[in-house]
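Enquirer: coordinates only, sequence not included:
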């Protein structure tokens, strides 16, 4: 069952939801950038410079969170996001390698 913030447990992550989230180029850009970061690295949502309104940005990060691709946490007056690298590798082995290869 997803937690109170909408983060699903690894066993609840559905391939269809993950692929749907990655189908959008802006969301895929977020995940691609996070794949290139160090393990456990956190970034603010605004740091991705997607060029969309705040409400659209909120929507994109909600889709990423609810699919299980990212973990979001409030840090003071900002919201940080990190890739759920270990959970994704456990649930969908090789997926992050495919994403990393896309940028090479």
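Expert: Right, received. Where do you want to start? A quick note: this is a predicted structure, and the numbers were derived from the prediction, not measured.
Enquirer: partners of residue 70 in the sheet?
Expert: residue 83 (DSSP bridges).
Enquirer: how close does the most centrally placed residue in the chain get to residue 47?
Expert: Residue closest to the mean C-alpha point of the chain, counted by CA atoms, centre = their mean, is residue 70 at 3.1 Å. Using CB to CB, to the nearest Å, residue 70 is found at 13 Å from residue 47. Any C-beta I mention is one placed from the backbone N, CA and C, and that applies to glycine too.
Enquirer: Quick one: mean pLDDT over stretch 96-104.
Expert: What stretch 96-104 shows for mean pLDDT is 84.
Enquirer: Could you check that stretch and say which residues are buried?
Expert: Using 16 or more other CB atoms under 10 Å as the test for burial, stretch 96-104 gives 96, 99.
Enquirer: biggest helix in the chain by residues?
Expert: Secondary structure assigned by DSSP state H gives helix 54-67 as the longest helix of the chain.
Enquirer: Just give me how far that one sits from the chain centre.
Expert: 9 Å (CA atoms, centre = their mean, to the nearest Å).
Enquirer: Check which helices and strands it is in contact with.
Expert: helix 15-23, helix 25-35, strand 70-75, strand 78-83 (3 or more CB pairs under 8 Å, 6 or more residues apart in numbering; DSSP states H and E).
Enquirer: What residues sit buried inside it?
Expert: Across helix 54-67, burial judged by 16+ other CB under 10 Å covers 57, 60, 61, 63, 64, 65, 66, 67.
Enquirer: Ok, stretch 31-39 next?
Expert: Here stretch 31-39 shows 31, 32, 33, 34, 35 as buried, counting by 16+ other CB under 10 Å.
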